[in-house]
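Enquirer: Provide a 3D model corresponding to the input given below.
(chains A, B, C and D)
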There are 2 protein chains.
Amino acid sequence: MQRKSFGNMQCPIARSLERVGEWWSMLILRDASLGLTRFDQFQESLGIAPNILTRRLKRLVETGLLERRRYSDKPPRYEYVLTQAGRDFRPLLWAFIAWGNKHFAPEGPSVVIVDSKTGVEADPLLIDRASGRPLTMPDFRSAAGPAANAQIRQRYPAAPRARHASTAPNPPHP
Amino acid sequence: MQRKSFGNMQCPIARSLERVGEWWSMLILRDASLGLTRFDQFQESLGIAPNILTRRLKRLVETGLLERRRYSDKPPRYEYVLTQAGRDFRPLLWAFIAWGNKHFAPEGPSVVIVDSKTGVEADPLLIDRASGRPLTMPDFRSAAGPAANAQIRQRYPAAPRARHASTAPNPPHP
DNA sequence: CAGTATCCTGTCCGATACTG
DNA sequence: CAGTATCGGACAGGATACTG
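Expert: Below you'll find the predicted structure:
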């Protein structure tokens, strides 16, 4: 479905899928997050055909998730490193791990997130940074944002007028 | 790539992709999270061809993310509602929204997560439930879990022996 | 080592027509 | 309303051979 704009391309989920929607893309990002940078490293880790790997890497570079960097001159050699956007994708990978472990790993988890120092297993949870509350329904919901077009607005009810929460720093006194 | 086991299918990310890897699947889950349940609702919201919608719904039911439920008898009618696994996918959708907003919405967010009561915009953040610390590198990392096979173990360094953290409740006294 | 070039298969998807 | 049936196009992905 890649090219032909997908449903409503203003949807941030659809836009994200535009970048990482192909099967291998997320697995390449996973490996890049593990520190792999070179063509043959990806190829061996993934067991992917070289032409396909070329295509996926090219796309990930185009969409700004990887950067192609020359690391040798004598024979020109390139490596692929995560951009900021690519690094920011890691929490999503971890959320996938948590979700997969919870529902599709009857034999127990084969990959876990751990504290680097203590080795204690972490339990990923999505919260609101400001209030620290877990992002669960019905406490939170999605809503049309400021840049929403008509189609989005129809799908998502608008956010209620934001009375700023008690956490708001220094509300201007009227 | 759907059927032919993808790379290493013990990887929880690959397993997750097995369920929601097709383009429409996540968008269907998005709509289901917004409360849509019926065939024509999905069709209108997504602008998807009916035969494709049939395929995706069938798959999502097979993989346990949606449940097909009869809601009328006289003409037999079915609706599609999220299972627990499907509901648990919502945080991932929200993480996608946050990621997409941050990197691919130069004109500002068209969809946001808000506090249902106050309308205050939330800022999704993945943390460790027990310690409350943000799941970021290098504080945390992924590691091979107890059920890991050789291939996984090779990709992910094993977790260090877990000296149980200070948060551990009532360590058994030796 | 880091790809490119070809050829091929599968299937995702769109469009359209039809049905109980 | 909730799909099924059929056709065709695009491309992802696999396999393999080849190159600087």
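Enquirer: quick check: residues of chain A near DNA strand C?
Expert: A:1, A:4, A:38-41, A:49-51, A:54, A:57, A:77-80 (Cβ under 7 Å from any atom of the strand). To be clear about C-beta, it is placed using only N, CA and C from the backbone, and glycine gets the same treatment.
Enquirer: closest to residue B:113 among the residues you listed?
Expert: residue A:1 (25.6 Å; Cβ to Cβ).
Enquirer: report the contact partners of residue A:158.
Expert: Going by Cβ atoms under 8 Å, 6 or more residues apart in numbering or on different chains, residue A:158 touches A:143-144.
Enquirer: distance of it relative to residue A:152?
Expert: The spacing between residue A:158 and residue A:152, counted by Cβ to Cβ, to the nearest Å, is 10 Å.
Enquirer: overlap of the contact sets of the two?
Expert: Listed as contacting both residue A:158 and residue A:152 by Cβ under 8 Å, 6+ apart are residue A:144.
Enquirer: so which elements touch the strand or helix carrying residue A:14?
Expert: Assigned by DSSP states H and E, residue A:14 falls within helix A:12-20. With contacts defined as 3 or more Cβ pairs under 8 Å, 6 or more residues apart in numbering or on different chains; DSSP states H and E, helix A:12-20 has these neighbours: helix A:23-33, helix B:23-33, helix B:90-104.
Enquirer: not counting sequence-adjacent ones, nearest residue to the residue nearest the centre of chain A?
Expert: Centroid-nearest residue in chain A: residue A:89, 3.1 Å away (criterion: Cα atoms, centre = their mean). Of all residues not flanking residue A:89 in the chain, residue A:29 sits nearest, at 5.5 Å (Cβ to Cβ, 6 or more residues apart in numbering or on different chains).
Enquirer: residues touching the one you found, list them.
Expert: Contact analysis of residue A:29 by Cβ under 8 Å, 6+ apart lists A:20, A:60, A:65, A:82, A:86, A:89-90, A:93.
Enquirer: select only the buried ones of those in PyMOL?
Expert: Below is the selection syntax for PyMOL that covers the buried ones among those, with 16 or more other Cβ atoms under 10 Å in any protein chain shown defining burial:
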select buried, chain A and resi 20+60+65+82+86+89+90+93
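Enquirer: which one of the helices and strands packed on helix A:12-20 lies closest to DNA strand D?
Expert: Closest approach to DNA strand D among these is made by helix A:23-33 (3.0 Å; Cβ to the nearest atom of the strand).
Enquirer: that closest one near DNA strand D anywhere?
Expert: Yes - shown here: helix A:23-33 in contact with DNA strand D (Cβ under 7 Å from any atom of the strand) through A:23-24.
Enquirer: equivalent analysis for stretch A:72-85, please.
Expert: Yes - residues of stretch A:72-85 are located near DNA strand D by Cβ under 7 Å from any atom of the strand, namely residue A:75.
Enquirer: gap between that stretch and the chain center?
Expert: Stretch A:72-85 has its C-alpha centroid displaced from the chain centroid by 22 Å (Cα atoms, centre = their mean, to the nearest Å).
Enquirer: list the buried residues of it.
Expert: Burial within stretch A:72-85, assessed by neighbour count using 16+ other Cβ under 10 Å, is assigned to A:79-80, A:82-83, A:85.
Enquirer: farthest-apart pair in those, please.
Expert: A:79 and A:85 (17.6 Å).
Enquirer: residues contacting the spatially closest residue to residue A:100 that is not a sequence neighbour?
Expert: Leaving out its chain neighbours, the residue that sits closest to residue A:100 by Cβ to Cβ, 6+ apart is residue B:12, at 3.1 Å. Contacts here follow Cβ under 8 Å, 6+ apart; on that basis residue B:12 touches A:96-97, A:99-101, A:104-105, A:109-111.
Enquirer: which of those residues count as buried?
Expert: Using 16+ other Cβ under 10 Å as the burial test, the contacts of residue B:12 include A:96-97, A:99-101, A:104-105, A:109-111 as buried.
Enquirer: rebuild these as CSV, extending it with pLDDT.
Expert: Listed next are these as CSV, based on pLDDT from 0 to 100:
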residue, pLDDT
A:96, 98
A:97, 98
A:99, 98
A:100, 97
A:101, 97
A:104, 96
A:105, 96
A:109, 97
A:110, 96
A:111, 97
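Enquirer: for the residues you listed, which one is nearest residue B:115?
Expert: Among these, residue A:99 lies closest to residue B:115 (Cβ to Cβ), at 23.7 Å.
Enquirer: brilliant, that's me finished.
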